[in-house]
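Enquirer: Whatever this is, show me its structure:
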Amino acid sequence: MLTAGVDLAAESARTAMAIVKWSSTGAVVTELGLGVDDKSIVDTMADVEKLGIDCPFGWPDDFVQFLNAHHRGNAPVPANESPAGWRRRLAYRETDRFVRDRTGLNPLSVASDRIALTAMRAAGLLSRMAADGQPVDRLGAGRVVEVYPAASLKRWNLQHRGYKRRENQPNLQKLVSSLQEMAPWLDLGSYESRCCESDDAFDAVIAALASRAAAVGRTDPPHAHQQERARTEGWIALPNCELNELVQTN
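Expert: As a prediction, this is how the structure comes out:
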């Protein structure tokens, strides 16, 4: 099995992609690129069983409805909610609230944070994938799935904060070592130094591991009452297994 992970940015320059080959005894990173463009991502999807992208796949349904109402000139403020309450409801998706409840982490708001610029790129990617005949499902049932490396790291008891940016590179190097200690079956090969130097590259590898969890059915699906929103808003594939189980399961 091949899985891929993309640490998506608004522009190619900060985008990284990893491809991991899996066997019954281990996994090896076969490719890890920086400066990845849209064509490379779309082309890779055809070659892997699951491709995980670290970016929201949609916007909150309530936010979209609010924008449409505002565009028509009539966006009333709810009378039965506090100002902070209704704005927060518009800002976060169902999957964001689910991840927060499960992990204590707050995903970036695609409605109010700069991640929206990256989400615009992701929307274009999903459209191109669908146009190429690839199965695209924002719930993750197709070949592409939304992932959130910080939440995956926390689920696997690895450091999930404080390793990004140049000033935190020593922490990134320690995190790479911790990953190798906890997953001796994972061979970073010649890309170990790249992971130690670039948090984008490291996150792409984690995204590929989370994609493996999704591919083997070891992520938390939405509950029945959450599925309708998840189909349009997107759903984060949150691993519900230990790191070593990624190799032990078939």
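Enquirer: list the contacts for residue 27?
Expert: Contact analysis of residue 27 by CB atoms under 8 Å, 6 or more residues apart in numbering lists 20-21, 185-187, 209, 212, 246-247. For the C-beta atoms, the positions are set from N, CA and C on the backbone; glycine is no exception.
Enquirer: Adding pLDDT and distance to residue 93 as columns, could you present those residues in TSV?
Expert: What follows is the contacts of residue 27, written out as TSV (pLDDT from 0 to 100; distance: CB to CB, whole Å):
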residue	pLDDT	distance to residue 93
20	98	27
21	97	32
185	96	34
186	97	31
187	97	35
209	98	23
212	98	24
246	96	26
247	91	31
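Enquirer: With secondary structure and distance to residue 143 added, can I get those residues in JSON lines?
Expert: Shown next, in JSON lines, are the contacts of residue 27 (DSSP: H, G, I helix; E, B strand; the rest coil; distance: CB to CB, whole Å):
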{"residue": "20", "secondary structure": "strand", "distance to residue 143": "15"}
{"residue": "21", "secondary structure": "strand", "distance to residue 143": "17"}
{"residue": "185", "secondary structure": "coil", "distance to residue 143": "24"}
{"residue": "186", "secondary structure": "strand", "distance to residue 143": "22"}
{"residue": "187", "secondary structure": "strand", "distance to residue 143": "24"}
{"residue": "209", "secondary structure": "helix", "distance to residue 143": "17"}
{"residue": "212", "secondary structure": "helix", "distance to residue 143": "13"}
{"residue": "246", "secondary structure": "helix", "distance to residue 143": "18"}
{"residue": "247", "secondary structure": "helix", "distance to residue 143": "21"}
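Enquirer: can you put the residues you listed in TSV and add distance to residue 227 and neighbour count?
Expert: Output for the contacts of residue 27, formatted as TSV (distance: CB to CB, whole Å; neighbours: other CB atoms under 10 Å):
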residue	distance to residue 227	neighbour count
20	29	27
21	32	16
185	34	17
186	33	20
187	37	17
209	25	26
212	23	26
246	25	24
247	30	17
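Enquirer: can you redo the residues you listed as TSV with distance to residue 55?
Expert: Listed next are the contacts of residue 27 as TSV, based on distance: CB to CB, whole Å:
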residue	distance to residue 55
20	19
21	24
185	28
186	24
187	27
209	17
212	19
246	22
247	27
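Enquirer: okay, stretch 170-179 in CSV with CA atoms only?
Expert: Provided in CSV are the C-alpha atoms of stretch 170-179 (Å, rounded to 0.1, in the frame of the first residue of the first chain):
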residue,chain,number,x,y,z
PRO,A,170,15.9,22.0,18.1
ASN,A,171,12.4,20.9,19.2
LEU,A,172,11.7,19.6,15.7
GLN,A,173,14.9,17.6,15.7
LYS,A,174,13.9,16.1,19.1
LEU,A,175,10.4,15.3,17.7
VAL,A,176,11.8,13.5,14.7
SER,A,177,14.0,11.4,17.1
SER,A,178,10.9,10.7,19.3
LEU,A,179,8.9,9.5,16.3
